[in-house]
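A.B. asks: Please find the sequence and the predicted model below.
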Amino acid sequence: MSLVSKNNVATNKFELEIQVPAEDFEKACEQVYKRKGKRIEVPGFRKGHAPRKTIEKLYGEGIFFEDAVNDVYPGALQSAVEEAGLEIVCRPEVEVTEVSKEKGVTFKATCTVKPEVTVKDYKGIKASKDVEEVTDVDITAEIDRRRERNARTVDVEGRAVENGDIVNIDFEGFLDGVPFDGGKGENFSLTIGSGQFIPGFEEQIIGHNIGDEFDVNVTFPENYHAEELKGKPTIFKVKLHSISTKELPEADDEFAKDVSEFDTLDELKADIRKHLEEANEKKAADAFENKLIDTVIENMEGEIPQEMYEVRIDEMIRDFEYRLQSQGLNLDMYLQYSGLDRDSFRKTFEAQAQRQVKVRLALEKIVEVEGIAPTDEEVEAEYARLADAYKMDVEKLKPVISAEDVKKDVAVNKAIDLIKDSAVAE
């Protein structure tokens, strides 16, 4: 296998002409014959026992060519790319230009490569770092959230439904007098004001008493996921079984003892303040880092191929699909419920993908310029961190994530540290 030529055909694009010699191609054809010849029937021979020459004479000389080409071109392409010294960023476009027993295989591969970028003024960047102050209102809000989590539900009698109540209802929806799929529920628990049902439904339960049977008239939103219900006026027959409400515990020392390791409410509040201050500090630090990175991107110059953005979007969509699968969903179901088509869904990732690609290119350039190289100890520490995150043994993780990839990630993180350490907080 050999690289015949390397031509720069456009910005960040190279065309490689690659030759697989006749003898290598012949070996590949022989392997295909051994693999597939067993399934070929030839008159006068037991199935799978016909000689290769007989099969080629009967079905044509090129019967094994296509599979042989598919077998040899990945290795030939990889060798040629390495010989050409290219760092490709997506799957090349391959065109086979010649196939024969006498000359082997010749093909052209159009490769999109990592762009050359420059980054200036990445040291001494000025940016504001604003740490939000923790107020008594913030602490009270957190106390109230904990009271809400520890609330008990009590039955209500002698009054009608109010906003915030929890009701138990039966309901059935009708479109033009006919029940529709998914429109029925029995002994359903609904918090009034939660927005769990379509607009207008929950409000019409307010004012009704236990035992009431009544109609709720609503119109489905135009963007509703079920096509047959979009924008349609419907009637729900509703029966109200019970009303209950949440009773929150008092915020006192006993409450502090029940929900924490502290003996007094003041101690609990002090701990909440401490954690909120830490959270605000981290939030400010993250925002400060993002401002620095935004400036680095602005100071980067280079022509980035669209293919890099598309590859990153593909990766993000695959990650999204994996998360959906863990919830028992798939992408088609998600698109149906969200009212998006695939093109619109794909566009939701564009801005984030573009930023991530630009950030990586800029940081890798800084790594190159600064000569940043991680130590063996730093690489091992990163492997340990990843193993902990994935809940895997380090030695089992190493074959999955290459040392070279880990080194690149560690180096990039050190480049971020360099930018932060030299930055000036205003």
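C.D. replies: Here it is on my side, so go on. Numbers count the residues shown, from 1 in each chain.

A.B. asks: How is the closest residue to residue 212 other than its chain neighbours assigned, secondary-structure-wise?
C.D. replies: In space, and not counting its chain neighbours, residue 212 is closest to residue 240: 4.9 Å by CB to CB, 6 or more residues apart in numbering. Any C-beta I mention is one placed from the backbone N, CA and C, and that applies to glycine too. Three-state call for residue 240 (DSSP: H, G, I helix; E, B strand; the rest coil): strand.

A.B. asks: doesn't residue 167 make contact with residue 240?
C.D. replies: Yes: Residue 240 is in contact with residue 167 according to CB atoms under 8 Å; the separation is 6.1 Å.

A.B. asks: so what sits against both of these two?
C.D. replies: With contacts taken as CB atoms under 8 Å, 6 or more residues apart in numbering, residue 240 and residue 167 have 161, 205 as neighbours in common.

A.B. asks: count of neighbours near the residue nearest to residue 212?
C.D. replies: Applying other CB atoms under 10 Å, we find 20 residues neighbouring residue 240.

A.B. asks: pLDDT value on it, please?
C.D. replies: Residue 240 is assigned 97 on the pLDDT scale.

A.B. asks: and if you look at residue 1?
C.D. replies: Here, the pLDDT recorded for residue 1 equals 64.

A.B. asks: next one: residue 361
C.D. replies: Reported pLDDT at residue 361 in the predicted model: 98.

A.B. asks: wait, it sits on residue 297?
C.D. replies: No: between residue 361 and residue 297 there is no contact under CB under 8 Å: 9.0 Å.

A.B. asks: Neighbour count for the two, which is higher?
C.D. replies: Using other CB under 10 Å, the more surrounded residue of residue 361 and residue 297 is residue 361, with 20 against 16.

A.B. asks: ok, so what distance separates the more buried one from residue 355?
C.D. replies: Distance of residue 361 to residue 355, given as CB to CB, to the nearest Å: 11 Å.

A.B. asks: what's the answer for residue 139, then?
C.D. replies: Distance, residue 139 to residue 355, by CB to CB: 35 Å.

A.B. asks: quick one: contacts for the residue nearest to residue 212?
C.D. replies: Contacts of residue 240 (CB under 8 Å, 6+ apart): 161, 167, 168, 169, 205, 208, 209, 210, 211, 212, 213, 214.

A.B. asks: Quick check: the two most widely separated of these?
C.D. replies: 168 and 214 (14.9 Å; CB to CB).

A.B. asks: now residue 69, nearest residue through space, not along the chain?
C.D. replies: residue 105 (5.7 Å).

A.B. asks: Looks to me like the one you found is in a helix.
C.D. replies: No: applying three-state DSSP, one finds residue 105 to be strand, outside a helix.

A.B. asks: In which helix or strand does residue 183 reside?
C.D. replies: Residue 183 belongs to strand 178-191 when assigned by DSSP states H and E.

A.B. asks: Show me what that strand is in contact with.
C.D. replies: 164-175, 196-197, 202, 205, 226, 228-229, 234, 236, 241.

A.B. asks: helix or strand right after that strand?
C.D. replies: Downstream of strand 178-191 (by DSSP H and E), the next one is strand 213-219.

A.B. asks: now for that following strand, which elements pack on it?
C.D. replies: Contact here means 3 or more CB pairs under 8 Å, 6 or more residues apart in numbering; DSSP states H and E; on that basis strand 213-219 packs against strand 233-247.

A.B. asks: residue contacts, residue 99?
C.D. replies: Going by CB under 8 Å, 6+ apart, residue 99 touches 25, 62, 65, 69, 105, 106.

A.B. asks: Once you drop chain neighbours, what's closest to the second one?
C.D. replies: Leaving aside its sequence neighbours, residue 62 sits nearest to residue 99 (CB to CB, 6+ apart; 7.2 Å).

A.B. asks: The host helix or strand of that neighbour pairs with which strands, and in what direction?
C.D. replies: If you go by DSSP H and E, residue 99 is part of strand 93-100. Sheet pairing for strand 93-100, assigned by DSSP bridges, gives strand 104-112 (antiparallel).

A.B. asks: okay, and the helix or strand of the protein with the least pLDDT?
C.D. replies: Sorting the helices and strands of the chain by mean pLDDT, DSSP states H and E puts helix 331-338 at the bottom, at a mean of 87.

A.B. asks: for the chain, which spans come out with low pLDDT?
C.D. replies: Within the chain, the stretches with pLDDT under 70 are 1.

A.B. asks: could you pull out the helices for it?
C.D. replies: 22-36, 52-59, 65-84, 136-149, 253-259, 265-298, 306-326, 331-338, 342-347, 350-370, 376-390, 394-397, 403-422 (DSSP state H).

A.B. asks: and of the ones you listed, who's closest to residue 91?
C.D. replies: Nearest of the helices of the chain (CB to CB): helix 306-326, 8.6 Å.
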